[in-house]
Each structure stands twice: as C-alpha cells, then as structure tokens.
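Participant: compute the structure for the input listed below.
(4 chains)
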2 protein chains.
Amino acid sequence: MARTVSERADILPLLGEVFREHGFEGASLAHITARTGLGKGSLYHFFPGGKEEMAAAVLAEIDLWFETNVFAPLRTEEDGGAAIRDMLARTDAYFRSGRRVCLVGVFALGEVRDRFAEAVQSYFARWREALADALIRIGHPAAAASEEAEDAVLAIQGALVLARALDDATVFTRTLARLERRLLQDLGDARALATRII
Amino acid sequence: MARTVSERADILPLLGEVFREHGFEGASLAHITARTGLGKGSLYHFFPGGKEEMAAAVLAEIDLWFETNVFAPLRTEEDGGAAIRDMLARTDAYFRSGRRVCLVGVFALGEVRDRFAEAVQSYFARWREALADALIRIGHPAAAASEEAEDAVLAIQGALVLARALDDATVFTRTLARLERRLLQDLGDARALATRII
DNA sequence: TGGCACCTGTACCATTCAGTACATTATTGA
DNA sequence: TCAATAATGTACTGAATGGTACAGGTGCCA
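Facilitator: Numbers count the residues shown, from 1 in each chain, chains lettered A, B, ... in the order given. Sure, this is the predicted structure:
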C-alpha cells in the first residue's frame, strides 16, 4: 500500500474545488476520492466527521485566507484607498476573474446554509464591515459607507452568478472595475460625498 | 385510488419551490412527492422524462412569468421610468422581499448549468437587454445603459445571496431602493448623464 | 532489528436514489 | 351503460449514497 498525499492541509484546496463545483450535497465521496486520489480509508482518517467535517475545514481555510488577505488589510492598512484596490485585485485573483465560483455563496443559497450558518454569516458580515471601515478612513460618511460596502460585497456575488450564467467572465472584471470607480471616486470633496447618490 | 391534484400546471409552482430549496440534485423524488402529494406513478405520468423534464418545465414557467410581467413591459411600456419602477416592484414581490431565492441563479452556480445552459443564459441576457432598452428610452446613453442594466441585474442576484447568507431580508429591499435611485436619477440632465460615474 | 503509530485499501452495511412495470381505479364521452 | 383513456398506488430494480470495520502495509524512531 503506497502512501500518497500525506498532509491533511494539502488536500483542503482539492476538497474546496469539489464542493465549489458540486455543492455540499452533490459532492459525493466518489467525486472526492476521484479528485483527491484518497480512498475512503484515508478520508475518514483525516476527517472522522465525514463530509460535514470536510466542508467545515474547507470553510475555515477559506475564511482564514480572506481574513488574512482581504479583511484585515481593509481594517488596518493606513492607506484606505490602497487597501480597497488591493481587495479588488485579490478578489479578482481568487475568483479567477470570474471563472471560479464562491463556495460560501453557493452554500448560502442551498439548504446547507443552516448547517454552516455561523461561518456563512460571519464571512459576509466581516467583509462588509471591513470594507466600510476602509471607506470611512478615506472620508466617506459612516452612514453611506455601510451601505456602499454592502452594495460592493453583493455586487461581487451577483457578478459571479451572472458571469457563470452567461458564461462570460468579462461580466466579473467589468464589475470590479465599476466598483473601483464607485468606491474611490470623489475622495477630496466632502460635500459631494455627503450628498452623493449611492 | 382517488384522483388528487389533476392539472399538471397546478404542481409546477410546487415543483419550483422544491428545486429552489434543494437545487436540482438535492431535489429527490422523495422531496417532490412529499411536497406535491403525488406519487411516482402520477409524477412519471405527467413528466415521462423524470426530474430533467420537471426542471425544464419549471424553468419554462418561470421564464414565461418574467417575460410577461417584467421583460416585455421593460421593452414596450411607453413610460420607461414607470416600467423600471414596475420591474422593481414585481421583482420584490416575486422574491418575497428577499426571502425567496432565484432558481435560475441557483442553477447557474451548480453543475446543472450546462444541462440548462440555454434557458439560464437567455433568462439573464433578456433581462439585461430589456432593462437597457428602458434606460435608453428615458434618456440614458446607449453605452452606459447596457452596463447600468448589467449592474442592476447582478445586484439583484447578489442581494438574494447576501440576504440569505446574513439571514436578513432587508439587504434585498435596501438594494432595490438603491437601484431605483441609481436607475432613475438625473433624468433631465443629459450632460450629467453623459459624464456620470456609474 | 524490532515495535509502534500512522495511513490506506477493501469489503461490507443499510439507506436512498431515479426510474420502470403494471394492475387498479376514475373519469369521460358516446 | 360501457368502453376508452387518464390517473394513480405499489412493488420492484440496479446503482449509488455516506459511513463503518478492520486487516495489512508503511515509515519512523529506538
């Protein structure tokens, strides 16, 4: 019996892709073994809790990635404008310019949402709040910043849906470009900011 | 053996809810019989093609509803502003103010997309184009109208994702209100339209 | 060289899956 | 009244589902 992959952490990205493509219910153990090359023995050795534990581990890994590379910079980077531009660039890279779907979004739409409610809710809530932080730092009024952030986060999700529906990834890149304009415009003019229509 | 429901058309909405809640793969015949009250005998009598035919019929029904109540008015109603307001009101009603999910969007994210690619693609493409039509009719420049329409359609999808993820339907109603402002603002000022940042 | 913890493949389990076959019952129209 | 058709419940199929049990193999450290 040849030892194959070794590290549990190594297979998390593969697991993620399976859940992304098939959803939680559609991700059968057959699909998972095919993609990871691991048999049931290994799978249940690494994840005694079965599919549920696998999905939870994947969600945790995604959460950590976004927390580190997107949310935290939005909260702490001094130059808020640069933080927002970084967010957009990393979002574009992560979702492969619209060719990759958001696992958390997929889970949110399904009945699985209830099983991972805390993780799903927290992911989007922290994204929204971190972005609002950065917007306030570059001079947006607090009230508007919150709604602008929500609008941006939801636009990213919607763009992923539409890009896949139309089989046209440019929908996603076009949306990111629009968001950059929308979020970073008018930085110097406080009065325009106060009265501007979102 | 008592005859129960009778019309095939009567059970389409029920079928739709099952697919909406569980996705195509997750919608087992057990779920379907439970929701519709129809046994396998009746189900396969009405839909000899099985689940695939059921889903296709549901998609066709949804398509017809939107074509009639949303797309066509956007294209033909003389008062473009009223058409857009009607679209938003009917969208709000259809999605139960954010408590109901978009079946076409759910299908778009899953692997089922390929099986119903034509229906999924056409639904969103026609929505986008019909909305762009109305925007042009109220004075938006053609180039901007197309992108504004895409932005609106994708915002609706994203709002549904986010509303369900955060378990907060107000995300959806807030988004529709924002869209109304965004789409209908500045109607009289051509110069502002030409230079406005989307 | 030995032992031991860690991996891994295989066989197996009960359950559920979509779909089929068919006999039986309702309904309809002549 | 009586066939013909439409609708329905039931029993069944073979395959796939997630999960368990476990024996055996592998690498590592003493």
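Participant: can you classify A:Asp139 as helix, strand or coil?
Facilitator: Careful, residue A:139 is Gly and not Asp. Counting by DSSP: H, G, I helix; E, B strand; the rest coil, the backbone at A:Gly139 sits in coil.
Participant: flag every residue of chain A that's near DNA strand D.
Facilitator: Contact residues, chain A versus DNA strand D (Cβ under 7 Å from any atom of the strand): A:1-3, A:27-31, A:40-41, A:44, A:48, A:50-52. (C-beta placed from N, C-alpha, C; glycine too.)
Participant: how many neighbours does A:Pro73 have?
Facilitator: As a burial measure, A:Pro73 scores 18 neighbours (other Cβ atoms under 10 Å in any protein chain shown).
Participant: with A:Ala34 instead?
Facilitator: Residues lying near A:Ala34 (other Cβ under 10 Å) number 11.
Participant: how close does it sit to A:His45?
Facilitator: The gap separating A:Ala34 from A:His45 is 18 Å, by Cβ to Cβ, to the nearest Å.
Participant: with A:Phe107 instead?
Facilitator: 25 Å.
Participant: same question, A:Ile138
Facilitator: 49 Å.
Participant: more crowded one of those two?
Facilitator: Set A:Ile138 next to A:His45 and count neighbours by other Cβ under 10 Å: A:Ile138 wins out with 17 against 11.
Participant: got phi/psi on the more buried one?
Facilitator: Dihedral pair for A:Ile138: phi -90, psi 10, per degrees, to the nearest 10.
Participant: does it touch A:Leu184 like I think?
Facilitator: Yes: using Cβ atoms under 8 Å, A:Ile138 is in contact with A:Leu184, at 7.5 Å.
Participant: which residues do those two both contact?
Facilitator: Counting by Cβ atoms under 8 Å, 6 or more residues apart in numbering or on different chains, the contacts common to A:Ile138 and A:Leu184 are A:Gly81, A:Ile84.
Participant: may I have the phi/psi pair for A:Ala49?
Facilitator: Careful, residue A:49 is Gly; it's not Ala. phi -80, psi 10.
Participant: oh sorry, the question was meant for A:Ala27
Facilitator: phi -80, psi 90.
Participant: equivalent analysis for A:His140, please.
Facilitator: According to degrees, to the nearest 10, A:His140 has phi -70, psi 140.
Participant: same question for A:Arg20.
Facilitator: Here A:Arg20 shows phi and psi, under degrees, to the nearest 10, equal to phi -60, psi -50.
Participant: what sits against it?
Facilitator: A:Arg100, A:Val101, A:Leu103, A:Val106.
Participant: taking chain A, what residue is nearest to DNA strand D?
Facilitator: As assessed by Cβ to the nearest atom of the strand, DNA strand D sits closest to A:Gly50 within chain A, at 2.7 Å.
Participant: and the pLDDT for that residue?
Facilitator: Looking at A:Gly50, its pLDDT is 97.
Participant: report the two of the residues of chain A next to DNA strand D separated the most.
Facilitator: For the residues of chain A next to DNA strand D, the farthest-apart pair by Cβ to Cβ is A:Ala2 and A:Glu52; their separation is 28.5 Å.
Participant: more neighbours, these two?
Facilitator: Taking other Cβ under 10 Å, A:Ala2 and A:Glu52 do not tie; A:Glu52 has more neighbours (13 against 3).
Participant: could you find the closest non-adjacent residue to the more buried one?
Facilitator: Excluding the flanking residues, the one nearest A:Glu52 by Cβ to Cβ, 6 or more residues apart in numbering or on different chains is A:Arg115, at 7.1 Å.
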